[in-house]
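**Q** Need coordinates for the below:
(one chain, ligands or ions: 3)
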Amino acid sequence: MNPRIDIEQLSRELEQLSLFSDAPSPAVTRVLWTEQDMKARAWLKSLALEAGFLYREDALGNTFIRLVGSQPDLPAVGTGSHNDAIPFSGMYDGTVGVLGGLEALRAIKRSGLSHARSLEVLMFTAEEPTRFGLGCLGSRVMSGAIELEKVRALKDANGVDLETARKAVGYTAPLESVRLPKDYYAAFVELHIEQAPLLEQQGLQIGVVNAIAAPASFFVHLTGEGGHAGARLMLGRRDALLAAAEIALSVEAAALQSGAMDTVGTTGILEIHPAAINSIPSQAKLGIDIRDTDGLRRDQAVQHVLETIKTVCQRRQIEYRIEMMNADPPAQSDPKILEAIRQAVQDLNFSSLEMVSRAYHDSLFMARISPMAMIFIPCRGGVSHRPDEYATPEDMARGVEVLARTMLNLANL
Ligand code: GLV
Ligand code: MN
Ligand code: MN
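**A** Ligands and ions are numbered 1, 2, ... in the order given. The predicted structure is shown next:
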């Protein structure tokens, strides 16, 4: 008997989850450890317990939901993704991998099919960098990719440090306990929407992800000199916003000049102070994100921007400080898991495309402690990080079916 996916239940749960939000529907904003995030976590826990699964949270709120196998001492097969949502985004990014993973486990349980290894859904804490400026926080710590001192030093926009923030919502265990041993998972498979238009454009159903591109991000803090917008003459101004504008243009130029369409650069944050129409901006802060499938080429683009910052700030007499958040290497998927996904796609008679993920995912870090691969499903127009993000129930059902089969296959290896 095959695991049968209850797509009505999954669709209903995705709708319910989208309402734990600080933005008006259809937009979703769910930021780490806010009231809405904590409500969504409690709701997920109730779903897991209702389904009869084991449930645990670690010291960062990474959440583990387990269906125990017939040989529970063997390393488990994991799946999962994130439930946090960047400001004014949609309801499918990450959530399809968490609730879809949960539905895969429920379907396997209902089918009565045996599996030697335990199967586990993981909801990662803060895949999105919104609160502390660093993406994949939970999986970074889990995989030992970041020193704990750096984690403890993280501060949000209100100056609240991570230790205070996590303890305030009840996560009090030592951070050391978050680390997972290398033999915890035999395999990790994440289901996610594609966030790009290739599958839709080619009329294909499943993306088999063979690599995840290398992300880097940093903040640039600029300090110039403020003053009266009318009374202060143009000559000799030290306008922090104008330096920021030149720097933002250099991000675009660095990505375009790399010679590869895989290089992308975005200035997603620009804050100025004092932000008054009749005042020269004395301070500016930029948040810059540069990525590539090739880590070396990504580093060259970053270097280009860093050099521009130096030149622009010298010319405009602006003081600057760079706060490098991350510059991670790309990750390759595991051949055995890829084979298991391909087999599931073939058994189910679905069409597929082998592809690279240009977005990052917690799987980028899970690759450091476990063999990993990802399954993509199409999303309308390739749109993501926007309220109009959409995946059809049929595509989600296909993704969860492939996931369930892949997990079963890997659990009996
Ligand atoms: C994840 O949301 C990313 O920015 O790739
Ligand atoms: Mn995202
Ligand atoms: Mn995501």
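**Q** Give me the contact list for stretch 63-75.
**A** Contacts with stretch 63-75, where a contact means CB atoms under 8 Å, 6 or more residues apart in numbering, come from 41, 44-45, 48, 53-58, 76, 101-102, 105, 108-109, 114-123, 125, 183-186, 411. Backbone N, C-alpha and C define where each C-beta goes, glycine included.
**Q** How far away from the center of its chain is that stretch?
**A** 25 Å (CA atoms, centre = their mean, to the nearest Å).
**Q** next structured bit after the strand or helix carrying residue 284?
**A** Taking DSSP states H and E as the definition, residue 284 sits inside strand 283-292. The C-terminal neighbour of strand 283-292 among helices and strands, as given by DSSP H and E, is helix 295-316.
**Q** could you check the angle strand 283-292 makes with that following helix?
**A** 160 degrees (axes from the mean of the first three to the mean of the last three CA atoms, to 10 degrees).
**Q** so, in contact with ligand 1 or not, helix 295-316?
**A** No. Using CB under 6 Å from any ligand atom, helix 295-316 stays clear of ligand 1, with a minimum separation of 13.5 Å.
**Q** List the pairing partners of the helix or strand just after that helix within its sheet, with orientation.
**A** For helix 295-316, the succeeding helix or strand toward the C-terminus, using DSSP H and E, is strand 319-327. Counting by DSSP bridges, the strands paired with strand 319-327 are strand 214-223 (antiparallel).
**Q** how close does the closest residue to ligand 3 within the stretch 301-413 of the chain get to residue 254?
**A** At 5.8 Å from ligand 3, residue 361 is the closest residue in the stretch 301-413 of the chain, using CB to the ion. To residue 254, residue 361 is 24 Å away according to CB to CB, to the nearest Å.
**Q** Just the pLDDT for the residue nearest to residue 58 when sequence neighbours are not counted.
**A** With CB to CB, 6 or more residues apart in numbering as the criterion, residue 58 has its nearest non-adjacent residue at 4.9 Å, and that residue is residue 178. With respect to pLDDT, residue 178 scores 98.
**Q** Looks like residue 178 contacts residue 141 (just checking).
**A** Yes. Between residue 178 and residue 141 there is a contact at 4.6 Å, judged by CB atoms under 8 Å.
**Q** So which of those two has more stuff around it?
**A** Using other CB atoms under 10 Å as the criterion, residue 178 and residue 141 rank with residue 141 on top: 27 against 24.
**Q** can you confirm the more buried one is in a strand?
**A** No. Counting by DSSP: H, G, I helix; E, B strand; the rest coil, residue 141 falls outside a strand, being helix.
**Q** Quick check: it touching residue 60?
**A** Yes. Contact criterion CB under 8 Å: residue 141 and residue 60 qualify, at 6.1 Å.
**Q** Now do the buried residues in stretch 6-22.
**A** Buried residues in stretch 6-22, defined by neighbour count with 16 or more other CB atoms under 10 Å: 7, 10-11, 13-14, 17-18, 20-22.
**Q** what does stretch 187-202 give?
**A** Those would be 187-196, 199-200, for stretch 187-202 by 16+ other CB under 10 Å.
**Q** Okay, now the sheet partners of the strand holding residue 284, with direction.
**A** In the sheet, strand 283-292 lines up with strand 214-223 (antiparallel), strand 264-273 (antiparallel) (DSSP bridges).
**Q** Please enumerate the shared neighbours of residue 178 and residue 141.
**A** Counting by CB under 8 Å, 6+ apart, the shared contacts of residue 178 and residue 141 are residue 60.
**Q** got the CA positions of stretch 282-290 in CSV?
**A** These are the backbone C-alpha positions of stretch 282-290, laid out as CSV (Å, rounded to 0.1, in the frame of the first residue of the first chain):
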residue,chain,number,x,y,z
SER,A,282,24.1,61.7,8.8
GLN,A,283,23.9,57.9,9.0
ALA,A,284,23.0,55.1,6.8
LYS,A,285,22.9,51.3,7.1
LEU,A,286,22.8,49.0,4.2
GLY,A,287,22.0,45.2,4.3
ILE,A,288,23.7,43.5,1.3
ASP,A,289,23.2,39.9,0.0
ILE,A,290,25.4,38.4,-2.6
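**Q** For ligand 1, what's its nearest residue on this structure.
**A** residue 359 (3.4 Å; CB to the nearest ligand atom).
**Q** Let me see the contact set for that residue.
**A** So residue 359 contacts 192, 195-196, 213, 384 (CB under 8 Å, 6+ apart).
**Q** again, 6 Å this time
**A** Contacts for residue 359 (CB atoms under 6 Å, 6 or more residues apart in numbering) come out as residue 195.
**Q** Mind checking what secondary structure it has?
**A** With three-state DSSP as the criterion, residue 359 reads coil.
**Q** what do residue 141 and residue 60 both touch?
**A** In contact with both residue 141 and residue 60: residue 178, using CB under 6 Å, 6+ apart.
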